[in-house]
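[1] output the structure for:
(one chain, ligands or ions: 1)
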Amino acid sequence: MNLPFAIVPIDLLIGIASVSDELANRKIYYAVKEQVRSSLVSSFHLSGSVERTSRFLTDFFSASGIGGVRLIHLDVENHRAILMMENNPIAAAFEGRAQKPVDHLYRGVFAGVFSHLFRLDVDCVEHQCTAVNHRNCEFILKPVHEFDFAREEPREQLDLE
Ligand SMILES: [Zn+2]
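    Numbers count the residues shown, from 1 in each chain. Modelled structure (predicted):
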């Protein structure tokens, strides 16, 4: 695996997460998603079932110090997944102070990973976030048209094309 790594202080990621502008956060999300989908996931040379590879990747993310990532729902046939993140140090830095979920970088990572694994474009909405006083962060993944855009979260976090 030829994948250069940089060790980045969490404090730097907190700075990025402090951006509260919705448009800017959507841009961060789509840029990260595209990079992960088209480049980063391929570096892992994954093979095997979606179940197995998605569990490997959640273990990998957990081991990299971004918090404990658990796959709590996976429906390969319908291209849906739900991830839970515990002890997320970025969101914890905002605990009780943020009005909206802050983990747009992780939304982009997860959307890129699952778009690659499902071989179909899926998007990610952060439904709960420690930054707004939820116990854990919860990320919902599915095709964009299956999100309910009458609701505030998908409208703020995604572009409906
Ligand atoms: Zn969060």
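
[2] okay, helices next: where are they in this protein?
    10-17, 22-35, 50-63, 89-92, 104-118, 152-157 (DSSP state H).

[3] give the buried residues for stretch 93-109.
    93-94, 98, 100-109 (16 or more other Cβ atoms under 10 Å). Using the backbone N, CA and C atoms, a C-beta is placed for each residue, glycine as well.

[4] quick one: which of these is nearest to the ion?
    Asp103 (3.7 Å; Cβ to the ion).

[5] from the buried residues of stretch 93-109, which are also near the ion?
    Of the residues in these, proximity to the ion by Cβ under 5 Å from the ion holds for Pro101, Asp103.

[6] turn the buried residues of stretch 93-109 into TSV, including pLDDT.
    Formatted as TSV, the buried residues of stretch 93-109 follow (pLDDT from 0 to 100):
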residue	pLDDT
Ala93	95
Phe94	95
Ala98	93
Lys100	95
Pro101	96
Val102	97
Asp103	97
His104	97
Leu105	95
Tyr106	95
Arg107	97
Gly108	97
Val109	95
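
[7] of the helices of the chain, which stretch is the most buried?
    Mean neighbours per residue, mean count of other Cβ atoms under 10 Å, is largest over the helices of the chain for helix 104-118, with a mean of 25.

[8] save the helices of the chain as TSV, and put in distance to Ser42 too.
    Putting those into TSV (distance: least, Cβ to Cβ, whole Å) gives the following:
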stretch	distance to Ser42
helix 10-17	23
helix 22-35	11
helix 50-63	12
helix 89-92	26
helix 104-118	7
helix 152-157	25
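
[9] rank those by mean pLDDT and give me the bottom one.
    Mean pLDDT values for those show the minimum at helix 50-63, a mean of 90.

[10] flag every residue of this structure that's near the ion.
    Ala91, Pro101, Asp103, Cys129, Cys137.

[11] residues contacting the third one?
    I take that to be Asp103. Counting by Cβ atoms under 8 Å, 6 or more residues apart in numbering, Asp103 touches Ala17, Met85, Asn88, Ile90, Ala91, Glu126, Cys129, Ala131, Cys137, Phe139.

[12] fine by me, we can end here.
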